[in-house]
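[1] predicted model, plus sequence, below.
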Amino acid sequence: MGELKLMKGNEALAEAAIRYGADAYFGYPITPQSEVIEYLSEQNPYERTGMVVLQAESEVAAINMIYAAGAAGKRVMTSSSSPGISLKQEGITYIAGAEIPCVYADVVRGGPGLGTIQPSQADYFQACKGGGHGDYHQIVLAPASVQEMADFVALGFDLAFQYRIATCILSDGAIGQMMEKVVLPDQKPRMTEEEIKAKYPWATTGRKRGTPHRIITSLDLDSNRMEQHNRHLQEKYKEIAEKETRFEEIQCDDAEYVIVAYGSSARIAQKTIQLGRAEGMKIGLLRPITLWPFPTKAIEALIAKGVKGFLSLELSCGQMIEDVKLACNGRAKAEHFGRVGGIIHTPEEVLEAMKKQIIGE
Amino acid sequence: MSEITLQDIIQPENLVYEKSKLLTDKRFHYCPGCGHGTVHRIIAEVIEELGIDEETIGIAPVGCAVMAYDYFDVDFQEAAHGRAPALATGIKRVWPNKVVFTYQGDGDLAAIGTAETIHACNRGENITMIFVNNGIYGMTGGQMAPTTLEGMKTATTPYGRKPQWEDGTPNNGFPLQITKLVAQLPGTRFVTRQAVYDAAKVRNCKKAIKKAFQNQMENKNGVNFVEIVSNCNSNWKMSAVDANKWLQENMLPVYPLGDIKDNFELINK
Amino acid sequence: MTEEIIIAGFGGQGVLSMGKILAYSGIMQDKEVSWMPSYGPEMRGGTANVTVIVSDERVCSPILNAFDTAVILNQQSLDKFESKVKPGGYLLYDPNGITHNPTRKDIHIYSIEGAQLASDMGNAKVFNMIILGAFLKIRPIIDNKNVEEGLRHSLPERAHKLIPLNMQAVQVGMDNVKEA
């Protein structure tokens, strides 16, 4: 199994979707993720697997195509970058309300507004706290390498269909644009009509005579039923939080202080840990792989093991720090350090921040 | 002579008309006299007659027909406001053998959803679009629609729609000829304007809607676009009878009935 | 071993593809690699640069502020990146079109007449491979046979017949790089 290639994160994401047996990609170009639709268009997966690729007239249209094709039982994906994801929020909250499985990738750039095309992690709130209206969540996977850009497509689709939920692959311009080694999975076949109908009885594939018609909607004007629906969603989110929280711990076994970082920042943090350990500091890294659900219990366990402080390292002015602080709940020190505007922190300045803000000299 | 009871009347030999099997028993929430009920009935009859109920996926708009999915016994999806053509595209592209139709009002199709409408039509998606135009926003309570006539009073044009001020500066804009506009696009196969205010018009409208579905079944491309000029007696603040009369006198001169494009060819009048 | 390299020049000089061949060659030598382009709104004639990291360890940040080696192919890039070379590092440049030569005394400076040599070879397209050869001469981090393998992986099948010419250009670069 597997084929070793040198690929951009954006290309790996696109190739992984073809190989997973995705049925369609609907998207709209925006830097720094246009390679996704360019790669798909160049590969012409319609010839390879029957996968449809369509450049929509806008991000709004693209996410609504995803909504409908997902609601018809197909494995569909879109991708964009921050300003485009803001436009997609309408569709994303409808997808949450109507419980439609799908995958969307956000190759984050700096904001607010048009901001910059350089990498950023300033859309953590948007992805994890609900960028659209209503009480909802989606699963947020944070790849830290080109390999994970590819791997999380399959994971994202599997989770999306298991829970009838959107999965967001939240990366950034660095992960999307960089080339690294990647081992690609083998080609899987697309699902057949019979398989889809058997596996997803809720999908609007045309109702069989004598069976109830299927309705995909997020609307219900009956307050009691709407409350029940919301409770049902929350139960589902609780189950996901219990079963699907994913994280990686690096050198945390004996750590007194821990950096919490995801995606690009987690890679910088690894270097910081090497530098710190070389100076005799007992520091480790907690890398959330799911940002929602956030690995709260992992932080609690580290505190129980004696970790005294956490540094939330982000390419933002401080967003994930709120979840770190909630997890600490006053039992350990938690501070934020971040660079923004497209500047990526150096391992050395992160170590300085660790010393100043957390360890205290 | 004994009195005739209800039971005597409800006999198979007396049956002259029945509801399509593809309409559910859910009671319409539409106002009495509104055209939506008639259009729903026509669509249900067409799907039934074509025998495509197991293959059809409908898309409901935001507007008065937002809960159309409750009335049709076929699979349905509810769209965000204006996005029905994008939904139809999404479904049709991954299920090219299904029959996909949108059902939209003037605000949905010609205001907030203009981009989705134009681009689905321009791509020539093999779908059917049903567009009910009553020149006003019904569900939200009678505000101006893109198709509101000049001088027509609505909740947001209480002094009448005034496209421009006296000195020529822009104000409410002009009634949008969206159907003529989509007919100009190379991706539309069949574009027609119909009405349902009397029996003859209902018959014509049914023929047009049937054709709009048949075209989709027989071909691989081309939007089949059926506008139905309808009334909104509640928000026009008229009786149903007066509304239909007003429609003929005021709406039809601006939105004349008839086929506009057939088999990708514009029909010159 | 970790070598952090910036390659910078005009768009169209083959900067990005040189970086890609270098990265692929690194993979062939069982190294960890990253390739990170500058991505801006300019499409043509603007500056193009790419950061390539070749390392024995997992690469941490693909975006860097300081480099072990800068490969410089125009004046703007020299102005921008000369100061970003780590003390004791290397700067390789093509003097063609350079009006202000590099001035740092704390780094090793080399030059290669890439444009001239490519023209002598009768094929302007091998320019970037001459530069790659010059780089590999002063920073011998990858064996020639792995560069050839790297070419095989990064070029499309139809261009494989050009591999001998490209390897010849690498050799020309290696033979002609000079300490400045």
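    That came in fine, so what should we check first?
[2] okay, CA-based contacts and neighbour counts for the rest of this
    OK.
[3] can you list the residues of chain A near chain C?
    Residues of chain A found near chain C (Cα under 8 Å from any Cα of the partner chain) are A:6, A:32, A:117, A:174, A:177-181, A:264, A:267-268, A:270-271, A:344, A:346.
[4] could you redo the last one with a cut-off of 7 Å?
    Taking Cα under 7 Å from any Cα of the partner chain as the contact definition, chain A meets chain C at A:Leu6, A:Gln177, A:Met178, A:Met179, A:Glu180, A:Arg267, A:Ile268, A:Gln270, A:Lys271.
[5] pLDDT check: weakest of those residues?
    On pLDDT alone, A:Lys271 ranks lowest of the residues of chain A next to chain C, at 91.
[6] number of nearby residues for that residue?
    By other Cα atoms under 10 Å in any protein chain shown, the residues close to A:Lys271 number 20.
[7] I figured it hits A:Pro347, correct?
    Yes. The pair A:Lys271 / A:Pro347 is scored as a contact, 5.8 Å apart, by Cα atoms under 7 Å.
[8] hmm, C:Glu113 and C:Pro95 touching each other?
    Yes. Applying Cα under 7 Å, one finds C:Pro95 in contact with C:Glu113, separated by 6.5 Å.
[9] for the chain, which spans come out with low pLDDT?
    Because you didn't say which chain, this covers chain A. Scanning chain A for pLDDT under 70 picks out A:1-2, A:361.
[10] sorry, I should have been clearer: chain C.
    C:40-45.
[11] in it, which spans are strands?
    C:2-10, C:32-37, C:47-55, C:67-72, C:85-93, C:108-111, C:178-179 (DSSP state E).
[12] now tabulate those in TSV and tack on mean neighbour count.
    Formatted as TSV, the strands of chain C follow (neighbours: other Cα atoms under 10 Å in any protein chain shown):
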stretch	mean neighbour count
strand C:2-10	23
strand C:32-37	26
strand C:47-55	25
strand C:67-72	26
strand C:85-93	21
strand C:108-111	20
strand C:178-179	13
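[13] other residues contacting the top helix by length along chain B?
    Longest helix in chain B, counting residues (DSSP state H): helix B:199-218. With Cα atoms under 7 Å, 6 or more residues apart in numbering or on different chains as the test, helix B:199-218 has contacts from B:Ile42, B:Ile43, B:Val46, B:Val99, B:Asn126, B:Ile127, B:Thr128, B:Gln194, B:Ala195, B:Val196, B:Asn224, B:Val226.
[14] what's the most distant pair in the residues you listed?
    B:Asn126 and B:Val196 (25.2 Å; Cα to Cα).
[15] the more surrounded of those two?
    B:Asn126 (30 against 23).
[16] what is the neighbour count of the closest residue to that one other than its chain neighbours?
    In this structure, B:Asn126 finds its nearest non-sequential neighbour in B:Asn221, 4.3 Å apart by Cα to Cα, 6 or more residues apart in numbering or on different chains. Neighbour count for B:Asn221, taken as other Cα under 10 Å: 17.
[17] can you give me the helices in the stretch 151-269 of chain B?
    Secondary structure of the stretch 151-269 of chain B by DSSP state H, counting those that start in this stretch: the helices cover B:178-183, B:199-218, B:233-236, B:240-246, B:252-254.
[18] those: which one's closest to A:Pro83?
    With Cα to Cα as the yardstick, what comes closest out of the helices of the stretch 151-269 of chain B is helix B:178-183 (29.3 Å).
[19] how about that closest one as PDB, C-alpha atoms only?
    Extracted as PDB, the C-alpha positions of helix B:178-183 are listed here (Å, rounded to 0.1, in the frame of the first residue of the first chain):
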ATOM      1  CA  ILE B 178     -35.700  37.700 -14.800                       C
ATOM      2  CA  THR B 179     -37.400  35.300 -17.100                       C
ATOM      3  CA  LYS B 180     -36.500  37.300 -20.200                       C
ATOM      4  CA  LEU B 181     -33.000  37.500 -18.800                       C
ATOM      5  CA  VAL B 182     -32.500  33.800 -18.300                       C
ATOM      6  CA  ALA B 183     -34.000  33.200 -21.800                       C
END
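[20] A:Ala334 in helix, strand or coil?
    Recorded secondary structure, A:Ala334: strand (DSSP: H, G, I helix; E, B strand; the rest coil).
[21] likewise for the one 3 residues further on?
    Classification of A:Phe337 into helix, strand or coil gives strand, according to three-state DSSP.
[22] so what's it closest to, chain neighbours aside?
    In space, A:Phe337 is closest to A:Leu313, 5.1 Å off (Cα to Cα, 6+ apart).
[23] quick one: contacts for that neighbour?
    A:Ile259, A:Val260, A:Ala261, A:Ser265, A:His336, A:Phe337, A:Gly338.
[24] quick one: contacts for the fourth one?
    By Cα under 7 Å, 6+ apart, A:Ser265 lies in contact with A:Leu313, A:Glu314, A:Leu315.
[25] what distance separates the opening and closing residues of stretch A:352-360?
    This stretch, stretch A:352-360, spans 10 Å end to end (Cα to Cα, to the nearest Å).
[26] contacting residues around that stretch?
    A:Gly309, A:Phe310, A:Leu311, A:Lys333, A:Glu335, A:Phe337, A:Glu361.
[27] roughly how far apart are the residue located most distally from the centre of chain C and chain A?
    The outermost residue of chain C relative to its centre, with distances by Cα atoms, centre = their mean, is C:Arg158 at 23.7 Å. Counting by Cα to the nearest Cα, to the nearest Å, the gap from C:Arg158 to chain A is 16 Å.
[28] for that residue, give its distance to C:Ala23.
    21 Å.
[29] C:Ala124 now?
    In terms of Cα to Cα, C:Ala124 sits 22 Å off from C:Ala23.
[30] and for B:Tyr17?
    From B:Tyr17 to C:Ala23 the distance is 76 Å (Cα to Cα).
[31] next one: A:Ser223
    59 Å.
[32] ok, the two, which is more surrounded?
    Per other Cα under 10 Å, whichever of A:Ser223 and C:Ala23 has more neighbours is C:Ala23, with 27 against 9.
[33] the more buried one reaches C:Val33, doesn't it?
    Yes. The pair C:Ala23 / C:Val33 is scored as a contact, 5.8 Å apart, by Cα under 7 Å.
[34] what touches both of the two?
    C:Val54.
[35] got a list of what C:Gln116 touches?
    Contacts of C:Gln116 by Cα under 7 Å, 6+ apart: none found.
[36] what about residue 167, neighbour count?
    Going with chain A. 29.
[37] you looked at the wrong chain, it should be chain C
    Count around C:Met167 with other Cα under 10 Å applied: 20.
[38] swap in A:Gln234?
    Here the count is done by other Cα under 10 Å, and A:Gln234 has 15 residues near it.
[39] how about A:Asp151?
    Neighbours around A:Asp151, by other Cα under 10 Å: 21.
[40] apart from its neighbours in sequence, what residue is nearest it?
    Nearest to A:Asp151 is A:Ala16, by Cα to Cα, 6+ apart, at 7.3 Å.
[41] quick check, the one you found in a helix?
    Yes. A:Ala16 forms part of a helix when assessed by three-state DSSP.
[42] residue contacts, it?
    By Cα under 7 Å, 6+ apart, the neighbours of A:Ala16 are A:Ala150, A:Val153, A:Leu184.
[43] repeat for A:Ala142
    By Cα under 7 Å, 6+ apart, the residues touching A:Ala142 are A:Ile169, A:Leu170, A:Ser171, A:Tyr262, A:Gly263, A:Ile289, A:Thr290, A:Leu291.
[44] you'd agree the second one is up against A:Val103?
    No. When contacts are counted by Cα under 7 Å, A:Leu170 is not listed as touching A:Val103 (10.7 Å).
[45] tell me the one among the contacts of helix B:199-218 nearest to chain C.
    B:Asn126 (36.9 Å; Cα to the nearest Cα).
[46] surely that closest one meets B:Phe225?
    No. The criterion here is Cα under 7 Å, and B:Asn126 misses it with B:Phe225 at 10.6 Å.
[47] let me see the mean pLDDT of the helix or strand harbouring B:Asn122.
    Here B:Asn122 sits within helix B:114-123, counting by DSSP states H and E. Helix B:114-123 carries an average pLDDT of 98.
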